[in-house]
Structures are given as structure tokens and as C-alpha cells.
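S.K.: coords below, sequence missing:
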DNA sequence: ACCACTCCTGTACGTTCGTACTAGTACATG
DNA sequence: CATGTACTAGTACGAACGTACAGGAGTGGT
């Protein structure tokens, strides 16, 4: 996959291996050796490309956050194409949860940011992006509430290893997005 | 605090030390040595009372879950005494967040349960208890949505190290708890 | 007094970890 | 072709870890 002499590809392979490992062992469970083995590179490579293990995990989380931001752009398109915001958001959330590893990584990022302030901006990208998205359809307070709902439902579905109650989420989203009476 | 010959108190001291440590280092960051040092007992004591590190962390998380369940009983009383469910719940949530370590431990439990199925019942006690509480005031679907909202807001406040927007949460709670039009 | 038993503690073993480092390899530049 | 630079890979080291264990210390029954 990564040629012998391809620094950029190597770095990327290491980051992707770390991303694949995070759902399995958690951010705190990452080790140079496990990442190197998963990436198919010698141990020395991970210490060559990253000055420390924290540096490596930060790069992996940044990579994950960037890919999440990209998927937000697809969400924006779906929202504009869909007829009902609440239904569309619930469906997108369910779809997002299909890749449980990615969703779990996002939650790992939230928790990791508690103890590592340098991760806090990364941990905000998903929330801020989602709020920005929904602010086209509701006032900011309602948009924030909708994201709380989505994150809470995701967290529960992850922890319980159970599917998302999409219809119930749609109903709740409709309730918070509807202007107060 | 714990006399030389007081097995029950010793076990409890170790568990409480582990609980105090979890917000600082995470469930996965627990070590026999760190817990022993925090509890003021020799290393041998933690391995004497707990057959493994997993056993120790599980006991600590169970202890935390039990104390959370106790606080739920106080919530029930407050709800019955308060005049508005949404306002009361928002205020209780803010109060709950005042002890950030406890709230963080609950979230750590959620995530730990993903990879440790034996923790899953523990990870459900908070959610189930809260839903049961709110089911006295709304239909089950609305109650679940309200808990998603609360957990989402808590997770965000924890990750961002910022205070809770209590008024905003109350508004959103009112929206999801109100019967659909 | 003695014994049986539980409780307690310090130490030791083998493993795994982060990180540093050395020697070697490819490649661009002159 | 020489040479310097960026990359590679294997190894080594000290630290921290989980766990096991041998023996000391206190306690209650007889």
C-alpha cells in the first residue's frame, strides 16, 4: 500500500491506522507499537513522524474531525434537498451511526478534550458545524438544543449497542425546532 | 481514616480513591499503584481486595452508579415539589454538573461500557432512572427525548469546560415534554 | 497459653511501554 | 560520481505496569 519511499503516504497510513484503532482501544489505549503494527510499518516509523504519542493521537483525532467536517457538507446538501428538517436530520443521524467506529471516535474526542485542552477546538468542530447547519432552519437556541438531542441519542445508542430510534428522534427534533408557542 | 483492621472500610476507601481518580485519569488510566497511593494503602491492598484491575474499576463504577441512583431519589422529590418540570429539571441538571468529576465519571462509564459488556447494566442505570422519573410527567418517548437532551447538554458542557445554559435547556425541555400538537 | 484463621504488606517477576539512537538506504543536487 | 539530506529499520534502555506470593501481624476460640 505505502511504497518504501513515500513519506506523505506513510504519515497518512500511520494516522489512518491510529483512527482505526481508536474505536477498539480508545484514545488512551493507543500505543506506538499497536499503531505501527496496524499500519504495517516498523516501530521506528511512528516515532519518526510524530514527536510523541500525544502528537500522534492528536493528529489522528484531527484527521477524524476533518473527515467529520466533510460529511457535514453532505448533510447540508441533504437538508436542502429534503422536505422536512427533522426527518432528514434523524435519517442522517441514523446513517452516521452506521459507522459506529467513527461515531465512537467523536465521543472519545469529546472526553479526551476534557483532560487535554489543546484538543478542545477539535472537539468543537462537530458541534459547531452541526449548529451552523441547523441555524439555517431555526434560531440558534433551537439549533443547539437539536444538537444536544442528536448527541445524547448517539451516546445512548453507542453505549447500549442498540440501533437508533429514528422516528422518536425525528419527533423530538421537530419539537425543539418548532418555534415556541 | 481507615483503621488497620477494618476490611470493609479498607475496601471502601480503595473504591472511593478509584472514584476520585477516574475524573483525573479516566477509567482506562487507573493503575493499582495510583489508586493505592490515593487511598493511602500499600500496593498489596488493592490486589488483595480486588482480583484484577478490571474488577477494581468495575467496583468503582458500580459505586458511582449507586450514588447517582441515590441522587435520583432527591430529584424525584424536587420534581414533585417544583411547579414546572422543565425548569426544575434544568436546575437539577445544572446542580448535578457542579460536581464535574461525578458527571465525568458517568460519561466515562458510558464509553467504558462500549468495550466492556459487563458494564452495560451499570451504564443504563442513570438513563433508565431518569426516564422513569420523567415518565410521571410525560409519555415515555418524550421522557427519553428529554434525557437525550440532558445528556447531550451535559456532554457538551463537560467537553467545553463551560457552564450549562440552564435557561436554554429549560426551554428545550419544555418543547420536548409538551405533547405533540 | 496455644492454635487457626483472616488480614495485611513489601518485594519480586515478567511484560509492555515511550522514546532514543545507530547504522544503513535511497535520492536529489552539484 | 560524490555528497549531503531525508527516510528507514532494528534495537536498546529505563520506567511503569499487573499480578503473584511469602511471610508478618493481629484476633477470637479453646
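M.R.: Noted; the coordinates are in hand. Values in this document were obtained by computation on a predicted structure and should not be read as measured data.

S.K.: Identify the residues contacting residue A:142.
M.R.: Neighbour list for residue A:142: A:134, A:176, A:177, A:178, A:179, B:172 [criterion: C-beta atoms under 8 Å, 6 or more residues apart in numbering or on different chains]. Glycine gets a C-beta too; all of them are placed from N, C-alpha and C.

S.K.: Selection in PyMOL covering whichever of these are buried, please.
M.R.: Those of these that count as buried under 16 or more other C-beta atoms under 10 Å in any protein chain shown are selected in PyMOL with:
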select buried, (chain A and resi 134+176+177) or (chain B and resi 172)
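
S.K.: now the contacts of residue A:142 in a markdown table, with secondary structure and pLDDT?
M.R.: Compiled in a markdown table, these are given as follows (DSSP: H, G, I helix; E, B strand; the rest coil; pLDDT from 0 to 100):
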| residue | secondary structure | pLDDT |
| --- | --- | --- |
| A:134 | helix | 98 |
| A:176 | helix | 97 |
| A:177 | helix | 97 |
| A:178 | coil | 90 |
| A:179 | coil | 78 |
| B:172 | helix | 98 |
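
S.K.: Out of the contacts of residue A:142, which comes closest to residue B:77?
M.R.: Using C-beta to C-beta, residue B:172 is the member of those that sits closest to residue B:77, with 23.6 Å.

S.K.: For the residue positioned nearest the centre of chain A, list the residues it contacts.
M.R.: Nearest to the centroid of the C-alpha atoms of chain A, with distances taken as C-alpha atoms, centre = their mean, sits residue A:106, at 3.5 Å. With contact set as C-beta under 8 Å, 6+ apart, residue A:106 has these partners: A:64, A:65, A:68, A:126.

S.K.: let's go with 6 Å and repeat that
M.R.: Each residue near residue A:106 by C-beta atoms under 6 Å, 6 or more residues apart in numbering or on different chains is listed here: residue A:126.

S.K.: so what pLDDT did it get?
M.R.: Residue A:106 is assigned a pLDDT of 98 by the prediction.

S.K.: so can I have CSV of the contacts of residue A:142 showing distance to residue B:151?
M.R.: Listed next are the contacts of residue A:142 as CSV, based on distance: C-beta to C-beta, whole Å:
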residue, distance to residue B:151
A:134, 19
A:176, 15
A:177, 19
A:178, 22
A:179, 24
B:172, 13
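
S.K.: related to what we said a few turns ago, can you pull the buried residues of whichever strand or helix holds the residue nearest to the centre of chain A?
M.R.: Under DSSP states H and E, the secondary-structure element containing residue A:106 is helix A:100-115. Neighbour-count burial for helix A:100-115, counted by 16+ other C-beta under 10 Å, picks out A:102-114.

S.K.: Is DNA strand C within reach of that helix?
M.R.: No - in this structure, helix A:100-115 remains apart from DNA strand C according to C-beta under 7 Å from any atom of the strand; the gap is never smaller than 14.5 Å.

S.K.: Let's have the buried residues of helix A:100-115 in TSV, adding distance to residue A:26.
M.R.: Listed next are the buried residues of helix A:100-115 as TSV, based on distance: C-beta to C-beta, whole Å:
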residue	distance to residue A:26
A:102	14
A:103	14
A:104	9
A:105	10
A:106	13
A:107	10
A:108	6
A:109	11
A:110	12
A:111	9
A:112	9
A:113	14
A:114	14
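
S.K.: Nearest to DNA strand C among these?
M.R.: Closest to DNA strand C out of the buried residues of helix A:100-115 is residue A:112 (14.5 Å), distances taken as C-beta to the nearest atom of the strand.

S.K.: Next, the contact list for residue A:129, please.
M.R.: Under the criterion of C-beta under 6 Å, 6+ apart, the contact list for residue A:129 reads A:69, A:72.

S.K.: tally of neighbours for residue A:42?
M.R.: Neighbour count for residue A:42, taken as other C-beta atoms under 10 Å in any protein chain shown: 11.

S.K.: longest single helix anywhere in chain A?
M.R.: Assignment by DSSP state H gives helix A:53-81 as the longest helix of chain A.

S.K.: how close does residue A:87 sit to residue A:118?
M.R.: Summarising the geometry, the distance separating residue A:87 from residue A:118, computed by C-beta to C-beta, to the nearest Å, is 38 Å.

S.K.: of the two, who's got more company?
M.R.: More crowded of residue A:87 and residue A:118, by other C-beta under 10 Å: residue A:87, with 17 against 9.

S.K.: What helix or strand is that one located in?
M.R.: Secondary structure from DSSP H and E places residue A:87 in helix A:85-98.

S.K.: what helices or strands is that helix leaning on?
M.R.: Using 3 or more C-beta pairs under 6 Å, 6 or more residues apart in numbering or on different chains; DSSP states H and E, the elements in contact with helix A:85-98 are helix A:53-81, helix A:166-177.

S.K.: Fine by me, we can end here.
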